[in-house]
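Trainee: got a predicted model here, sequence first, then my questions.
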Amino acid sequence: MTTGRCPSTQAPERNVPVAKLFTPTQVGPYRLSHRVAMAPLTRMRSDPGDIPSELMVEYYKQRTTKDGLIISEASPVSIRGNGYAGAPGIYSDTQIAGWQRVTETVHARGGRIFQQLWHVGRQSHVDLQPNGDAPVAPSAIAAEGHAYSTRGEVPFSMPRALALHEIPAIIEEFRSGAERALRAGFDGVEIHGANGYLPDQFLQDGTNKRTDEYGGPIENRARFMLEVTQAAISVWGADRVGVRIAPSGTYGSMSDSDPAATFGYVTTQLDRLGIAYLHVVEPRIKGTEELSHGRAPIAAQHLRPKFSRTLIAAGGFTPASAEAIVTFGDADLVAFGRHFISNPDLPERIRQGLPLTRYDRSTFYGGDARGYTDYPTAEAAAAA
Ligand code: FNR
């Protein structure tokens, strides 16, 4: 560890067998040798112009395993779709070469990488928008929280509601982002439908008060997410497209009056589209039926019966709870976020039951190599 800021390690869960995590599984056409995926993680280390940097190439290289799955950090499909200065884009051809360096490096190590396609909608700030315009959303309702401009954290701006005639152009942005991802050499794309970003804002009725065909009943509120998914399928085929949803998440001031119906419907429809995988962000609170709004949290286990292909679960997993969920069959893979930040060799550490290095939150977003590419593997730490 070279940062010197987070030297301690987390106590390993000793004697926890993790056998099932290290059995093969399938994502679309890809055979994976293990079930420990890397979750999408915004790290804001791109070069000017939102171009993927050499530092990013090294970061992904360190986290690649043979026949393992990485989901890239969220990548804006347009300038308006960005709320985080330094997030690498997939909205211009000049960004493709940088991503090609990433995908070639992952492939050279035998790994697989999907690109997460992103439009933040209302979770942005006028400073990040072209001409200082208001961010866009299904309805003019502001979120609580912060965007990241070049000035640091700034409160989300009041968005303006998209006019009906503007929506096809945004779906086209996702389609052209998917096409650039193909040219950049990714193995597939994941639609970021979670965490209160634009597709989620359309889906949930706390943020969608529209009265046209994109608002009102769930069939209308799900339309945007399903059309975006179909746009990606038109480029990649259904078996190389995944979708991430967060049925119990409240990040981005999200709420829905009937999450079980909303997320049950969208899961069924995504299954009908034949996508490769559904990626579910699990409720952070375990072992309780109380979450936001007093409603029961919706987890992968509730959606599993409605989805027939690969299911990835993420959010708050330990090696033991990851092993449990794949053993019970409620998920096929588990995506780890924060542990992957501070443990570049996370699958190997889990396999061997080695201690995990603690992550340093202060270096999550933006900055340089510190807290990014300087976390050692267990092997390097032992040799030091
Ligand atoms: C995230 N998360 C996230 N999710 C997503 O869909 N796209 C993204 O770009 C990001 N970016 C991001 C950055 C950072 C620094 C953190 C900590 C988290 C959420 C992430 O994928 C994962 O769902 C959560 O971190 C919960 O999983 P863990 O960390 O408990 O394994």
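Mentor: Nice, I can see it. Numbers count the residues shown, from 1 in each chain.

Trainee: mind listing what's buried in the helix ranked longest in the chain?
Mentor: Ranked by number of residues, the top helix in the chain under DSSP state H is helix 167-183. Neighbour-count burial for helix 167-183, counted by 16 or more other C-beta atoms under 10 Å, picks out 167, 170-171, 173-182. C-beta here means a position set from N, CA and C on the backbone, and glycine is covered the same way.

Trainee: repeat that for stretch 26-33.
Mentor: Here stretch 26-33 shows Val27, Gly28, Tyr30, Leu32 as buried, counting by 16+ other C-beta under 10 Å.

Trainee: may I have it exported as PDB, CA atoms only?
Mentor: Output of stretch 26-33 as PDB, limited to C-alpha atoms (Å, rounded to 0.1, in the frame of the first residue of the first chain):
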ATOM      1  CA  GLN A  26     -22.700 -17.800 -18.500                       C
ATOM      2  CA  VAL A  27     -23.400 -14.200 -19.500                       C
ATOM      3  CA  GLY A  28     -25.000 -14.000 -23.000                       C
ATOM      4  CA  PRO A  29     -22.500 -15.800 -25.300                       C
ATOM      5  CA  TYR A  30     -19.700 -15.600 -22.700                       C
ATOM      6  CA  ARG A  31     -18.500 -18.400 -20.500                       C
ATOM      7  CA  LEU A  32     -17.200 -17.100 -17.200                       C
ATOM      8  CA  SER A  33     -14.900 -19.100 -15.000                       C
END
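
Trainee: what average pLDDT does that stretch get?
Mentor: If you average the pLDDT over stretch 26-33, you get 98.

Trainee: can you list the neighbours in contact with that stretch?
Mentor: Outside stretch 26-33, the residues that touch it by C-beta atoms under 8 Å, 6 or more residues apart in numbering are 22, 24-25, 65-69, 112, 187-188, 239-240, 242, 276-277, 310, 332-333.

Trainee: now with 10 Å, please.
Mentor: Contact partners of stretch 26-33, identified using C-beta atoms under 10 Å, 6 or more residues apart in numbering, comprise 22-25, 37, 65-69, 110-112, 114, 187-188, 236-242, 274-277, 309-310, 312, 332-333, 347.

Trainee: emit the PyMOL select command for whichever of those are buried.
Mentor: Buried residues among the contacts of stretch 26-33 (16+ other C-beta under 10 Å), as a PyMOL selection:
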select buried, resi 25+37+65+68+69+111+112+114+187+188+236+238+239+240+241+242+275+276+277+309+310+312+332+333+347
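
Trainee: among the contacts of stretch 26-33, name the ones in strands.
Mentor: Among the contacts of stretch 26-33, the residues falling in strands (DSSP state E) are Thr25, Ala37, Leu69, Arg112, Phe114, Gly188, Val241, Gly242, Tyr277, Thr310, Ile312, Leu333.

Trainee: quickly note the distance from the third one to the ligand.
Mentor: Spelled out, it's Leu69. Separation of Leu69 from the ligand (C-beta to the nearest ligand atom, to the nearest Å): 13 Å.

Trainee: excluding chain neighbours, what is closest to that residue?
Mentor: Distances taken as C-beta to C-beta, 6 or more residues apart in numbering put Ala37 closest to Leu69, at 4.3 Å, once the chain neighbours are dropped.

Trainee: that neighbour and His339, how far apart?
Mentor: Distance, Ala37 to His339, using C-beta to C-beta, to the nearest Å: 12 Å.

Trainee: give me the common contacts of these two.
Mentor: Common neighbours of Ala37 and His339 (criterion: C-beta under 10 Å, 6+ apart): Leu346.

Trainee: who touches the residue of the chain found nearest the ligand in this structure?
Mentor: Closest approach of the chain to the ligand (C-beta to the nearest ligand atom) occurs at Gly337, with a separation of 2.7 Å. With contact taken as C-beta under 10 Å, 6+ apart, Gly337 is in contact with Met38, Ala39, Pro40, Leu41, Ile71, Val281, Ala314, Gly315, Gly316, Phe317, Tyr359, Phe364.
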